[in-house]
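>>> curious how this folds, go ahead:
(chains A and B)
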Number of protein chains: 2
Amino acid sequence: DYPRKNAELLSAQYGINVLLVGVALMLAIAQQKASVEEKDLLSFTTSLMILQLIWMIWYILVRRSQGKTRTERDVNATTCWIRGGLTLLAVLSLIMDALKIGYYVGYRLCLSEVYVVYPVTHVVHTIAQVHFLWFHIKDVIKSFETFERFGVMHAVFTNLILWCNGVMSETEHFMNNHIRQTSGVEFQNITTEEPALQCNCTTTTCALFSRSFTYLFPFNIEYHIFVSALLFVMWKNIGRTIDISSNRKSLVTKTQGLTLGPILGLLALVSTIGILVVYITRLPGPLEVHLSAVSMFYIYGIVLLVVMCSAGALGLLIYRANHMPLDASKNPSRQLDTELLFGSALGSWFMSWCSIVSVLSSKSDPPYRWTNLIYSLLIILEKYIQNLFIIESLYRQQESLEKADPELPTNPEVFSVTSSLPPLNGIDNQAYESPGEGSSSMENEQEENGQVYGSQRKQSNVPLPVDIHAAEPLNMKRLVLKNIAVFLLLCNISLWILPAFGCRPQYDNGLEEATFGFSRWTTVLNFAIPLSLFYRMHSVASLFEVFRRV
Amino acid sequence: DYPRKNAELLSAQYGINVLLVGVALMLAIAQQKASVEEKDLLSFTTSLMILQLIWMIWYILVRRSQGKTRTERDVNATTCWIRGGLTLLAVLSLIMDALKIGYYVGYRLCLSEVYVVYPVTHVVHTIAQVHFLWFHIKDVIKSFETFERFGVMHAVFTNLILWCNGVMSETEHFMNNHIRQTSGVEFQNITTEEPALQCNCTTTTCALFSRSFTYLFPFNIEYHIFVSALLFVMWKNIGRTIDISSNRKSLVTKTQGLTLGPILGLLALVSTIGILVVYITRLPGPLEVHLSAVSMFYIYGIVLLVVMCSAGALGLLIYRANHMPLDASKNPSRQLDTELLFGSALGSWFMSWCSIVSVLSSKSDPPYRWTNLIYSLLIILEKYIQNLFIIESLYRQQESLEKADPELPTNPEVFSVTSSLPPLNGIDNQAYESPGEGSSSMENEQEENGQVYGSQRKQSNVPLPVDIHAAEPLNMKRLVLKNIAVFLLLCNISLWILPAFGCRPQYDNGLEEATFGFSRWTTVLNFAIPLSLFYRMHSVASLFEVFRRV
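Below you'll find the predicted structure:
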């Protein structure tokens, strides 16, 4: 067999090249009067999806045929919350596909069949993939390793291409809207219209379909990038020997004493939606209304970010006051989380630095010039602090384990004992792992537990003194940390909603456009905004994990 | 003290943000009628260099004051060959700076002082940095860790900004030349001229200076990116506990039996220079001469790449026939090598896929259409195979160690014994470590040896039976592998020379330009070509390492 390092490299290089083909095709399509047409890209993506489907079916059949032999599982790979969230996103993607099918069926006379085949394949692909996520994503593959590496890598990059594709469609749609709106306000005079189709829609609902499915783009985009992150963790786990002592689920969540965080967070969320509505309705108005909408956005952003920075800084101070060794056990999922937080922050950092450069050098002086500067500086600071907070939280050893037995930093009994406490049983353990999944979830969990601390299972039903520590009411520090995590989580959702649904003042304020030129600045934004959106969604997932761990 | 993970993140985020400021400034300058001027960028870069200088002086003084206490060193961090090569590149950079100073002094009446201050600072910075490279780059820092992390990170990103700056100047210069040349051949009608200066040169040698220093750009560019890679390894080593058993130098190089590889390689190198001269002289000619020059390039490239692919594949086959466990010991330098090879290959992979897409979709049919396709496919394949070959070579455990004592995979005696053999002594050991460095090199080496296997030093002068194995003539397989490494090394130098000195058919063939549009395609090339150049130089360094290890 191939040595591990090489097998990894072989498949990683394959995956990257698949992605590059896709990106090259997209780049060619973006050109006007292109020799490459959209249907070529769709055929390429469709064949990748079919290939992934074949691999998934093969994988599932092989696992079935192996039958009784237990597959090792990495319990850190994902949580049922993430899988639940992904299922929701997948459902929204399915609705989008249905609308797309309806739309293209209306135009079937003048469009290639690929336009219908693509969403149909996407439906099958999505359903199969969600099934795969629930039952196989935690597997640690130990047979046919080299081949499976290719399979998983193919799946990772198929999803990444679908993500790129989604981002491209979304951007195209947004740009068309933007140009239509600002043609009155006169910021630039470039006209890239959606190519007019050669024939009319044969059904009456085409316009309705097309208007609806564009609202679902953001969910489809987040779905694909999250799935590819999970599959990447699966790829990293192939052939790995799991360290049993660290392979246990984290402690159950306790929610008493949570008031200030959720309340402030919900307040932020509600006001965000208000701001979004006001912004979108006022933007196409006359110049002074337009300018006031942009100013309003910046002022709101500054207030929100100042509070978020303070919350994050408070969290870090609490950590500094309370020393705790970092947990250095191997955990590809956490490692990836760290890298993704760091990597996806790059997008908005770059955007912010560009804004700062243009504010400082600009010769014009719109009302929001200095608020833009402060907003951009706060965006940078906020991500800086938030990354530190999240990553430190994920790497700290769990406090209750420390207390329970300082000699044995990872003590599997703690979890079982906690789960046998009367008030938490059934809510925080079975239902927790996979809500509304019935018998299969029970099996799943038993399999995982069996894997994790097999022979120690019997002892675990006897209540141990450890228990008292674990059931102790949350102390003050942990309570504050939990509130901070919830608050930051809701704020990150707010900051995701704004750009995801079209509130992008970077396009509307005209300052950076004057400094960098229209085409360069839109190129920067087309890279940076999808990254920034992903950053927010990813922080939400990580903060949820933080919330559960503290 | 801050926990390690957080201190790393703090400094990494700082570094990334410094880089992003620099890139934002560069982007603003690239705009015509920009509000940000070049002198702003130069002032920014100058202040970064001064800050780095202050840190380096501080660092050196602290090390001096600690005096006798030995600093741990990571012997894998760099080799004296790399440092020697970097010194050479630094000398060429210094010459470039001297020419620049001369040039700007001539224009001093109409240019800001920053234009002179910048190269003067760069001279001081380069000299100090080379000193730092020779005496401190291997240090494993264990005091003031958090502060030193910031210092090293600052140095890494200062060099990266200088690299970006160099790439930008080089690209600007190339584009101006390119547009001047092809304005006759009529591929596009965009005129971006170098901005005419407001006054005349006060000395007679300005034109000569400006023509000369542009030839030195490629060396300056490679110097900075290599230094930042070495500094990055130093950053990774901060606070690390070095595993003494794996911290030893690799075996001495034996060069008997090397004939075919070097001969073929030199042949490739000489013919490359021929091709370069012919290409550059024929390019500005009439259309058919122009087309024939491009065709010639592709045919030459295909021949070279086919031979390189075969050599790499042969190397991999030899490895497959000869199983050997991979060396999994921690080594940040090797880890970084792997990542950089993989990451920098992305640039030319993407470029090649774009070419393939445009060849397949193009409606025009120039004579080099299909050769371009084959060339691009081979570029992809060649990097795929070469990466596998290099990375497998770097990760394989060294054969002679295996043979010497299968029970003890890392046996420090082997090295000392080998070094005491009469025919190799003095050539392959002292002189090897740092040629022409006199007493300080001796001290250095003793320090390193002391660190590495302190107490075993005494035994090592007694010849052991192990010796016989190590001195055994090279067996056939290793001989072939050595020849392959040398051949690939020289081929990579050839493939670096071509684009570095202006042979870039991607600009001249017009196929991709028609598919992607002029501005998009030049943007792609402006990212991809610097990466591709770095890939070649980096492979040269890695292949040299491979050559020494096999």
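
>>> in terms of helices and strands, where is A:V21?
Using DSSP states H and E, A:V21 sits in helix A:4-30.

>>> what residues sit buried inside the next helix or strand along the chain from that helix?
Downstream of helix A:4-30, the next assigned helix or strand under DSSP H and E is helix A:38-66. For helix A:38-66, a neighbour-count test (16 or more other CB atoms under 10 Å in any protein chain shown) marks A:38-46, A:48-49, A:52-53, A:55-56, A:59, A:63 as buried. (Each C-beta comes from the backbone N, C-alpha and C, glycine too.)

>>> quick one: mean pLDDT for helix A:38-66?
Mean pLDDT, computed over helix A:38-66, is 93.

>>> keep the buried residues of helix A:38-66, but drop any that are not near chain B.
For chain B, the contacts drawn from the buried residues of helix A:38-66 by CB under 8 Å from any CB of the partner chain are A:D40.

>>> any bit of stretch A:13-30 sitting next to chain B?
Yes - using CB under 8 Å from any CB, we find that stretch A:13-30 touches chain B at A:Q13, A:I16, A:N17, A:L20, A:V21, A:V23, A:A24, A:L25, A:L27, A:A28, A:A30.

>>> can I get these in CSV including neighbour count, distance to B:K363 and pLDDT?
What follows is those, written out as CSV (neighbours: other CB atoms under 10 Å in any protein chain shown; distance: CB to CB, whole Å; pLDDT from 0 to 100):
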residue, neighbour count, distance to B:K363, pLDDT
A:Q13, 20, 32, 93
A:I16, 20, 30, 95
A:N17, 20, 26, 95
A:L20, 20, 23, 95
A:V21, 21, 21, 95
A:V23, 19, 22, 94
A:A24, 26, 18, 94
A:L25, 27, 17, 93
A:L27, 24, 18, 91
A:A28, 23, 13, 91
A:A30, 17, 18, 84
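
>>> what are the boundaries of the helices in the stretch 451-550 of chain A?
For the stretch 451-550 of chain A, the helices defined by DSSP state H, counting those that start in this stretch cover A:466-471, A:476-500, A:505-508, A:511-516, A:518-549.

>>> and stretch A:518-536, what's buried?
Those would be A:520-536, for stretch A:518-536 by 16+ other CB under 10 Å.

>>> contact residues of the stretch 1-150 of chain A facing chain B?
Where proximity means CB under 8 Å from any CB, the interface of the stretch 1-150 of chain A facing chain B comprises A:3-6, A:9-10, A:12-13, A:16-17, A:20-21, A:23-25, A:27-28, A:30-32, A:34-36, A:40.

>>> re the thing from before, for chain B, find the nearest of the helices of the stretch 451-550 of chain A.
For chain B, the closest of the helices of the stretch 451-550 of chain A is helix A:511-516, at 5.4 Å, according to CB to the nearest CB.

>>> which other residues reach that closest one?
For helix A:511-516, contacts defined as CB atoms under 8 Å, 6 or more residues apart in numbering or on different chains pick out A:187-188, A:354-355, A:357-359, A:361-362, A:364, A:366, A:369, A:372, A:506-507, A:521, A:524, B:27-28, B:31, B:34-36.

>>> if we go to 7 Å?
A:187, A:354-355, A:357-359, A:361-362, A:364, A:366, A:369, A:372, A:506, A:521, B:27-28, B:31, B:35-36 (CB atoms under 7 Å, 6 or more residues apart in numbering or on different chains).

>>> got it, and stretch A:91-103?
Identification of contacts with stretch A:91-103 by CB under 7 Å, 6+ apart yields A:116, A:119-120, A:122-123, A:126, A:205-206, A:209-210, A:212-213, A:216, A:219-220, A:223.

>>> buried stuff in it?
By 16+ other CB under 10 Å, the buried positions in stretch A:91-103 come out as A:L92, A:S93, A:L94, A:M96, A:D97, A:L99, A:K100, A:I101, A:G102, A:Y103.

>>> now do stretch A:140-159
Of all the residues in stretch A:140-159, those buried under the rule 16+ other CB under 10 Å are A:140-141, A:145-146, A:148-159.

>>> the helices of the stretch 451-550 of chain A: lowest mean pLDDT?
Here the lowest mean pLDDT among these goes to helix A:466-471, at a mean of 43.

>>> kindly identify which of the buried residues of stretch A:518-536 also come near chain B.
Contacts with chain B within the buried residues of stretch A:518-536, counted by CB under 7 Å from any CB of the partner chain: A:R520.

>>> pull the CA atoms of stretch A:367-383 into PDB?
Provided in PDB are the C-alpha atoms of stretch A:367-383 (Å, rounded to 0.1, in the frame of the first residue of the first chain):
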ATOM      1  CA  PRO A 367     -21.100  62.400   5.700                       C
ATOM      2  CA  TYR A 368     -20.100  58.800   6.500                       C
ATOM      3  CA  ARG A 369     -16.400  59.200   5.800                       C
ATOM      4  CA  TRP A 370     -15.200  59.000   9.500                       C
ATOM      5  CA  THR A 371     -17.800  56.600  10.600                       C
ATOM      6  CA  ASN A 372     -16.700  54.300   7.900                       C
ATOM      7  CA  LEU A 373     -13.100  54.500   9.200                       C
ATOM      8  CA  ILE A 374     -14.200  53.700  12.800                       C
ATOM      9  CA  TYR A 375     -16.400  50.900  11.500                       C
ATOM     10  CA  SER A 376     -13.600  49.300   9.600                       C
ATOM     11  CA  LEU A 377     -11.200  49.500  12.400                       C
ATOM     12  CA  LEU A 378     -13.700  47.900  14.700                       C
ATOM     13  CA  ILE A 379     -14.400  45.100  12.200                       C
ATOM     14  CA  ILE A 380     -10.700  44.300  12.300                       C
ATOM     15  CA  LEU A 381     -10.500  44.500  16.100                       C
ATOM     16  CA  GLU A 382     -13.600  42.500  16.600                       C
ATOM     17  CA  LYS A 383     -12.500  39.600  14.500                       C
END
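
>>> average pLDDT for that stretch?
94.

>>> so where is the stretch 1-150 of chain A shaky, pLDDT-wise?
Counting by pLDDT under 70, the ranges of the stretch 1-150 of chain A that qualify are A:1-2, A:68.

>>> if you set the cut-off to 90 instead, what comes out?
Scanning the stretch 1-150 of chain A for pLDDT under 90 picks out the ranges A:1-9, A:29-39, A:63-82, A:102-114, A:138-146.

>>> please tell me how far the nearest residue to A:R504 once chain neighbours are set aside sits from B:K5.
Leaving aside its sequence neighbours, A:R504 sits nearest to A:I529 (CB to CB, 6 or more residues apart in numbering or on different chains; 6.6 Å). Using CB to CB, to the nearest Å, A:I529 is found at 29 Å from B:K5.

>>> cool, and A:F342?
As judged by CB to CB, A:F342 and B:K5 stand 12 Å apart.

>>> cool, and A:M153?
28 Å.

>>> repeat that for A:L346.
19 Å.

>>> ok, A:G517 touching B:Q31?
Yes - under the criterion of CB atoms under 7 Å, A:G517 makes contact with B:Q31 at 4.8 Å.

>>> who has more neighbours, the two?
A:G517 (19 against 15; other CB atoms under 10 Å in any protein chain shown).

>>> how many residues are close by A:R240?
A count of neighbours around A:R240, defined by other CB under 10 Å, yields 15.

>>> near chain B, which residues of the stretch 401-550 of chain A are found?
A:T515, A:F516, A:G517, A:S519, A:R520.
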